[in-house]
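Asker: I'd like to go over a predicted model; first the sequence, then the structure.
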Amino acid sequence: MVQVSYPGVYIQEKSSGVRTITGVATSVAAFIDWFPRGVVNEVVQCLSFSDFENEFGGVHTLSAASYGIKQFFQNGGNEALVIRVVNDGGGVGTAAAASEVVLNDTAGGGGADVFRVVAGRRLRGEAAVNPGVWGDNIVVDVDYDTTDPSALFNLTISEVRVENGRRTAVRTETYRNLTAEPGVSNNALDVVNEASRLVQLDRDGMAALVAPFPRPAATGTMGGPVGALPASPIDLTVDAGSGARTVTVTYGAGVTDAPGLRPLLEQAIRNAANSATTPAERALIAGATVRLIGRGTTASPYRLHVLAGRGGADYDPGASLTFGGPDVGPLGLGGGNDQQYALTGGDDGSSVAGPPPDPRVAGSALIGNLAAKTGLYALEDADLFNILCIPRAAELGDTDMRAVYSEATVYCKDRRAFLLIDVKESVASLEAMQTWLAQNDSLRDRNAAVYFPRTFVGDPVNDNRLRAIAPSGTIAGLYARTDATRGVWKAPAGTEATLEGVQDLAYNLTDLQNGVLNPLGVDCLRTFPVYGPLCWGARTLDGADQLASEWKYIPIRRLALFIEESLYRGTKWVVFEPNDEPLWALIRLNVGVFMNGLFRQGAFQGSTPQQAYFVKCDAETTTQADRNLGIVNIQVGFAPLKPAEFVVLTIQQIAGDLQV
């Protein structure tokens with residue numbers, strides 16, 4: 001009510017009572033498995049397969065889910081939540097470990113440790129390690145080409161790869177003008193840890209630093225201040241580890257200082273590669289570069305920074321270039337440091353004693369622990385997921401497989417999600433599938449489905465030769481594509497349900513064989529002429545005919561989960577509101593608008609809203625006893641569209657042109 005105090009016009013706003021209920025996403029798929037890289041037991045959102053490659057390393061022959069994720073995006077998926085799990089060293093295996101290196105303020109060590117560099121990144125405000133041998137491909141460069149070359153330093157962090165005899169950086173991060181001094185804006189630990197996707201810095205277990213704060217020794221050969229240039233020619237030697245090579249720099253009167261000398265010195269060093277005795281030595285010297293640091297003032301004199309060539313497959317980050325000769329003093333050159341600091345000690349972990357190691361995880365790692373939010377329960381940090389795929393579970397022994405899928409089924413009930421169950425590769429016949437069903441009847445649930453047979457796809461890590469994979473990732477992508485084009489109430493099956501990227505099926509079912517499995521609640525994958533591989537089933541595992549379940553069909557169950565989750569989120573405003581008819585009317589209004597929107601999209605049976613759905617919230621649903629207990633009851637019903645699973649054509653012959 002407006003408080004009036006002076007003659008005039010007053011304006012007040014009144015709420016309409018409309019609180020729009022927005023439908024949640026229906027096809028966010030979660031995948032759990034070992035991957036060659038990535039933070040551990042953390043949910044990472046991937047919006048494309050490129051995101052997955054950047055975060056988790058892409059397809060790997062020992063990671064069943066990596067193939068499923070590729071298929072998910074190829075078949076229409078657009079959001080995946082990926083959880084990486086690794087071996088913890090229990091039993092006879094080894095624990096996964098992150099690559100690291102300690103940077104010291106003295107070349108070769110022996111001085112003060114400045115900080116440790118560990119493979120990892122920041123996630124939700126906390127440092128998360130990224131274990132695996134992949135981290136051994138990370139190298140760190142340190143240089144002093146800063147605004148204050150006497151006190152600050154730059155860090156360049158690179159992930160390198162050797163392909164076709166060439167060594168290239170596939171990802172590089174550069175951080176400039178850093179210091180080890182704590183509490184300042186350019187503190188190295190704060191700057192790098194906040195921004196880096198490759199590493200995290202720490203000082204755990206190291207002695208406290210005091211002013212003047214040290215900095216890591218520069219990589220390569222960092223010279224001292226350049227003095228007056230000696231007369232031409234300059235005679236030097238360069239040693240890349242195989243003996244001294246002569247370096248002669250000739251210049252004219254126009255070269256009087258370090259900037260003019262720099263390109264001539266670089267070319268002279270490269271020319272010394274002609275006398276190298278090994279390919280590795282030749283590559284180090286022939287690809288050498290000379291940088292000039294400083295401003296040429298008394299406070300910031302010129303310094304030469306020499307780096308060896310890094311493009312060859314034989315390159316060793318621990319190599320150094322050492323300079324000698326009669327003119328080495330005026331140029332400030334001398335002994336060299338490592339070309340780069342290489343992270344080492346990465347381990348993928350193993351579930352067996354080996355060799356060879358096997359990084360694939362056991363069922364206990366897939367399940368994880370609720371209190372610690374590991375494995376499956378890392379999804380506690382995810383706001384929403386709708387589909388769960390665990391292809392690795394199908395590779396486990398029968399007991400472990402049932403344990404994983406049983407735990408996942410219960411969790412999916414709690415989170416209003418749908419589980420896609422895979423069968424073993426050995427289940428490749430009608431009889432084998434019937435046996436699998438008999439042995440795993442305990443997995444039947446309204447929030448789960450199983451698809452048969454497995455699919456063949458081109459293997460990108462094996463020259464695209466065919467590989468049999470679990471179909472759950474493909475089907476999850478099909479769900480997403482169907483939801484986007486037709487709605488969650490449309491069965492993800494039929495002639496529109498093509499399996500993109502699938503080249504063949506592990507078993508070709510006939511109509512009669514399909515007719516055996518369909519009444520048992522198995523969704524069959526079929527190949528038809530012209531159409532190719534298709535999904536030809538839409539039943540939940542609760543959809544066996546003998547069970548006579550109301551949740552027989554996947555689209556009905558998924559539509560119900562969608563409505564439940566949307567209303568769960570869209571009615572939170574009701575909490576603590578006065579529990580009486582005005583509130584009940586608002587509830588009926590807002591829930592009714594949401595349900596009517598679905599009706600208008602064709603989600604329900606019936607030609608009128610009254611035939612399609614109802615929303616009830618009044619004194620009949622919420623009695624005085626309920627109100628005394630602080631309870632408001634809302635009843636929502638809908639008439640689902642059941643898929644036309646069987647099409648019966650009745651054909652009758654008639655006699656033409658009969659005269660009566």
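Answerer: Great, that's in hand.
Asker: then residue 586 would be within a helix, right?
Answerer: Yes. Looking at residue 586 with DSSP: H, G, I helix; E, B strand; the rest coil, it is inside a helix.
Asker: and residue 60, what are its phi and psi?
Answerer: phi -130, psi 140 (degrees, to the nearest 10).
Asker: then residue 293?
Answerer: Note on residue 293: its backbone torsions stand at phi -120, psi 140 [degrees, to the nearest 10].
Asker: now do it against residue 222, distance only.
Answerer: As for residue 293, its distance to residue 222 is 8 Å (criterion: CB to CB, to the nearest Å). C-beta: built from backbone N, CA, C; applies to glycine.
Asker: which of these two has more residues huddled nearby?
Answerer: Ranked by neighbour count (other CB atoms under 10 Å), residue 293 and residue 222 place residue 222 first, with 25 against 20.
Asker: quick check: the more buried one is in a helix.
Answerer: No. Going by three-state DSSP, the assignment for residue 222 is strand, not a helix.
Asker: give me every residue that touches it.
Answerer: The contact partners of residue 222, taken as CB atoms under 8 Å, 6 or more residues apart in numbering, are 143-144, 293, 303, 305, 337.
Asker: in strands only, show me those residues.
Answerer: With strands taken from DSSP state E, the overlap with the contacts of residue 222 comprises 143, 293, 303, 305.
Asker: what score does the closest residue to the third one other than its chain neighbours have for pLDDT?
Answerer: Once its chain neighbours are removed from consideration, residue 303 has its nearest residue in residue 293; the separation is 4.6 Å (CB to CB, 6 or more residues apart in numbering). Model confidence at residue 293, given as pLDDT, is 92.
Asker: sorry, back to before: give the residues shared as contacts by residue 293 and residue 222.
Answerer: Residues touching both residue 293 and residue 222 (CB under 8 Å, 6+ apart) are 143-144, 303, 305.
Asker: and residue 112, how far is that from residue 168?
Answerer: Distance of residue 112 to residue 168, given as CB to CB: 34 Å.
Asker: so between those two, which is more surrounded?
Answerer: Each of residue 112 and residue 168 has its neighbours counted (other CB under 10 Å); residue 112 has more, 16 against 12.
Asker: what about that one, distance to residue 180?
Answerer: Here the criterion is CB to CB. By it, residue 112 lies 9 Å from residue 180.
Asker: before we move on, what about residue 429?
Answerer: Distance from residue 429 to residue 180, by CB to CB: 65 Å.
Asker: so which of these two has more stuff around it?
Answerer: Legend: neighbour count by other CB under 10 Å for residue 429 and residue 180, higher for residue 180 (24 against 15).
Asker: let me see the contact set for the nearest residue to that one once chain neighbours are set aside.
Answerer: Leaving out its chain neighbours, the residue that sits closest to residue 180 by CB to CB, 6+ apart is residue 213, at 4.5 Å. Applying CB under 8 Å, 6+ apart to residue 213 gives the contacts 179-181.
Asker: mind checking what secondary structure residue 213 has?
Answerer: coil.
Asker: how near is it to residue 184?
Answerer: 10 Å.
Asker: residue contacts, the closest residue to residue 237 other than its chain neighbours?
Answerer: Nearest residue to residue 237, sequence neighbours excluded (CB to CB, 6+ apart): residue 244, at 3.9 Å. By CB under 8 Å, 6+ apart, the residues touching residue 244 are 237-238, 324.
Asker: quick check, nearest of these to residue 387?
Answerer: Of all the contacts of residue 244, residue 238 has the smallest distance to residue 387: 60.3 Å, by CB to CB.
Asker: who is the closest one paired with across the strands?
Answerer: Residue 238 has these beta-bridge partners by DSSP bridges: residue 245, residue 323.
Asker: over to residue 129?
Answerer: residue 120.
Asker: that one contacts residue 123, doesn't it?
Answerer: No. With contact defined as CB atoms under 8 Å, residue 129 does not count as touching residue 123 (10.3 Å).
Asker: what's the overlap in contacts for these two?
Answerer: Common neighbours of residue 129 and residue 123 (criterion: CB under 8 Å, 6+ apart): residue 39.
Asker: ok, and what's touching the lengthiest strand in the chain?
Answerer: When the chain is scanned for its longest strand (criterion: DSSP E), the result is strand 166-178. Taking contacts as CB under 8 Å, 6+ apart, the residues outside strand 166-178 that touch it are 146-148, 152-162, 186-188, 191-192, 195-198, 215, 310-313, 315.
Asker: avg pLDDT for it?
Answerer: Strand 166-178 comes out at a mean pLDDT of 94.
Asker: ok, stretch 58-78 next?
Answerer: Here the average pLDDT along stretch 58-78 is 97.
Asker: cool, and stretch 470-486?
Answerer: Throughout stretch 470-486, pLDDT has a mean value of 98.
Asker: related to what we said a few turns ago, which of the contacts of residue 244 ranks first by neighbour count?
Answerer: Neighbours here mean other CB under 10 Å. Within these, the largest count is held by residue 238, at 27 neighbours.
Asker: and that one, how far is that from residue 117?
Answerer: Look at residue 238 and residue 117: by CB to CB, they are 29 Å apart.
Asker: ok, residue 595 - contacts?
Answerer: Contacts for residue 595 were tallied using CB under 8 Å, 6+ apart; they are 563, 609, 612-613, 615, 636, 638.
Asker: out of those, which end up buried?
Answerer: Applying 16 or more other CB atoms under 10 Å to the contacts of residue 595, the neighbour count classes 563, 612-613, 615, 636, 638 as buried.
Asker: just the residues you listed: which are in strands?
Answerer: Judged by DSSP E, strands contain the following of the buried ones among the contacts of residue 595: 613, 615, 636, 638.
Asker: surely the second one and residue 633 touch.
Answerer: It stands for residue 615. No. With contact defined as CB under 8 Å, residue 615 does not reach residue 633; the gap is 11.8 Å.
Asker: quickly list what's touching both of the two.
Answerer: With CB under 8 Å, 6+ apart, residue 615 and residue 633 have no common neighbours.
Asker: can I get the contacts of residue 222 in JSON lines including distance to residue 489?
Answerer: JSON lines is the format used below for these (distance: CB to CB, whole Å):
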{"residue": "143", "distance to residue 489": "61"}
{"residue": "144", "distance to residue 489": "64"}
{"residue": "293", "distance to residue 489": "67"}
{"residue": "303", "distance to residue 489": "71"}
{"residue": "305", "distance to residue 489": "66"}
{"residue": "337", "distance to residue 489": "66"}
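Asker: out of the residues you listed, who's the most crowded?
Answerer: With neighbours defined as other CB under 10 Å, the most crowded of the contacts of residue 222 is residue 303; it has 23 neighbours.
Asker: identify the residues contacting that one.
Answerer: By CB under 8 Å, 6+ apart, the contact list for residue 303 reads 144, 149, 222-226, 292-294, 332.
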